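*Asks:* kindly return the folded structure for what I paste below:
(chains A and B)
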Amino acid sequence: MDWQGQKLAEQLMQILLLIAAVVAFVVGYTTASFRTMMLIYAGGVGVTTLITVPNWPFFNRHPLKWLEPSEAEKHPKPEVVVSSKKKSSKK
Amino acid sequence: MHSFGYRGNALLTFAVTILAFMCAIASFSDNFSNQTPSAQIQILNINWFQKQPHGNDEVSLTLNITADLQSLFTWNTKQVFAFVAAEYKTSKNSLNQVSLWDAIIPEKEHAKFWIQISNKYRFIDQGYNLRGKDFNLTLHWHVMPKTGKMFADKIVMSGYRLPDAYR
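*Replies:* Numbers count the residues shown, from 1 in each chain, chains lettered A, B, ... in the order given. So this is what the prediction gives:
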């Protein structure tokens, strides 16, 4: 996922869970059935999991531009230099 | 939110927190229920009334208990625990409560009942004060919820009196 996708996933997760909770409570209260509330909420949690946890393509609409391998070869990493000056200063 | 585990953990934590809030609100909604229970207890017979060898009075009663506790049940009720207690005053204790009978009512349909039994638990005094004693029979109930706060209340029925002499 890209950054935008991660933000979207978090927001979607929070909104969907809240909606599932509100719907579950209202339906459960009006039908006087605690069991119904729990079942609807469990279903809502399952649906939210399916939507927000897997790495769906719509979470990757602003992909990060990583450096191409061919470009990377043109700019080699700087080497670590162990100089004699350093050794003498540690005495 | 960069991995399955991260997102899964966030979702699970949030879901359980919301569940806790839902249960709290469900319990709070019990405050708005309209409760109108009613009950009547009749003493049909004093089976016997003796002083026990260790010096305490004991009486055995046959009770006729009629009650309608259906309005106590809400959507958040698991069961109602009801019990009948004999309450009286002695010189030693300002309040004596002796439980005579109890029952667990699991469903609303069973909450309107009529039962005739002798006392389930023994009515034994601390001492020998029961002759000619005026006492109340109180029906207590505990409404046990599926989640949240338990409500307890009672109906006091007065005017009962034990005989003046042992039988």
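*Asks:* which residues of chain B lie near chain A?
*Replies:* Counting by C-beta under 8 Å from any C-beta of the partner chain, chain B comes close to chain A at B:1-2, B:4, B:7-8, B:10-11, B:14-15, B:18-19, B:21-22, B:25-26, B:29, B:74-76, B:146. Every C-beta, even on glycine, is put in place using the N, C-alpha and C of the backbone.
*Asks:* same thing but at 7 Å, please
*Replies:* Neighbours of chain A within chain B, by C-beta under 7 Å from any C-beta of the partner chain: B:1-2, B:4, B:7-8, B:10-11, B:14-15, B:18-19, B:22, B:25, B:29, B:75-76, B:146.
*Asks:* which of the residues you listed are buried, as a ChimeraX select command?
*Replies:* Selection command for ChimeraX covering only the buried members of the residues of chain B next to chain A, criterion 16 or more other C-beta atoms under 10 Å in any protein chain shown:
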select /B:1,7,10,11,14,15,18,19,22,75,76,146
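*Asks:* which intervals of chain B have sub-threshold pLDDT?
*Replies:* Along chain B, the parts satisfying pLDDT under 70 run over B:1.
*Asks:* mind listing what's buried along the longest strand seen in it?
*Replies:* Secondary structure of chain B per DSSP state E: the longest strand is strand B:38-51. Of the residues in strand B:38-51, B:39, B:41, B:49 count as buried by neighbour count, 16+ other C-beta under 10 Å.
*Asks:* name the helices or strands packed onto that strand?
*Replies:* strand B:57-68, strand B:134-145, strand B:151-161 (3 or more C-beta pairs under 7 Å, 6 or more residues apart in numbering or on different chains; DSSP states H and E).
*Asks:* closest to residue A:74 out of those?
*Replies:* Closest to residue A:74 of those, according to C-beta to C-beta: strand B:134-145, at 70.2 Å.
*Asks:* tell me, how many residues neighbour the residue nearest to residue B:128 when sequence neighbours are not counted?
*Replies:* Leaving aside its sequence neighbours, residue B:128 sits nearest to residue B:57 (C-beta to C-beta, 6 or more residues apart in numbering or on different chains; 4.9 Å). Applying other C-beta atoms under 10 Å in any protein chain shown, we find 20 residues neighbouring residue B:57.
*Asks:* what sits against residue B:57?
*Replies:* Taking C-beta atoms under 7 Å, 6 or more residues apart in numbering or on different chains, we find residue B:57 in contact with B:51, B:125, B:128-130.
*Asks:* for it, list each beta-bridge partner.
*Replies:* residue B:51 (DSSP bridges).
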